[in-house]
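Peer 1: sharing a model prediction with you, sequence too.
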Amino acid sequence: MRRLLLVTGLRRGELAGIKWEDFGSATGTVRVVRQQVVEGDDSVVREKRPKPPNSVGTIMLDKVTAETLGRMRPAGGVSSIAAALDCGLRRAIQELDSARPATLSGPYLS
């Protein structure tokens, strides 16, 4: 899940909103048509269209990511990629939220 988050550049909510029906294993693409957001005092998860509107579209995946997703696709019963990957997204979000700019390094992160 971390790989999908990093190679696509999707926002967390957009990634959480991707369902298996949005993944094209034959084309190696993912359609972004919804996002999941936590709203309200009761912290309810809701499904909405992505913002900004130009976030809606199709993303071409690299070969390794597409093949990995293809192998992980369940036979049935689970509609979202995040749920099928057993909360890997939740761990990735926690890691990203806890990362401080000082701990990041690299030629483009100075």
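Peer 2: Structure received.
Peer 1: contact partners for the spatially closest residue to residue 18 that is not a sequence neighbour?
Peer 2: With CB to CB, 6 or more residues apart in numbering as the criterion, residue 18 has its nearest non-adjacent residue at 5.0 Å, and that residue is residue 81. For the C-beta atoms, the positions are set from N, CA and C on the backbone; glycine is no exception. Contact analysis of residue 81 by CB atoms under 8 Å, 6 or more residues apart in numbering lists 1, 4, 15, 18, 19, 20, 22, 23, 69.
Peer 1: ranking the residues you listed by neighbours, who comes first?
Peer 2: residue 18 (25 neighbours; other CB atoms under 10 Å).
Peer 1: from residue 57, how far out is it?
Peer 2: Between residue 18 and residue 57 the distance is 12 Å, computed by CB to CB, to the nearest Å.
Peer 1: next, show the common contact partners of these two.
Peer 2: 31, 32.
Peer 1: so what's residue 66 closest to, chain neighbours aside?
Peer 2: The shortest distance from residue 66 to any non-neighbouring residue, by CB to CB, 6+ apart, is to residue 28 (3.7 Å).
Peer 1: the one you found: neighbour count?
Peer 2: There are 17 residues near residue 28, going by other CB under 10 Å.
Peer 1: and if you look at the one 5 residues further on?
Peer 2: Here the count is done by other CB under 10 Å, and residue 33 has 17 residues near it.
Peer 1: repeat for residue 62
Peer 2: 12.
Peer 1: with residue 61 instead?
Peer 2: The local packing of residue 61 (other CB under 10 Å) involves 22 other residues.
Peer 1: ok, now residue 45?
Peer 2: 10.
Peer 1: so residue 70 touches residue 27, yeah?
Peer 2: No - Residue 70 is beyond contact range of residue 27, at 11.2 Å (criterion: CB atoms under 8 Å).
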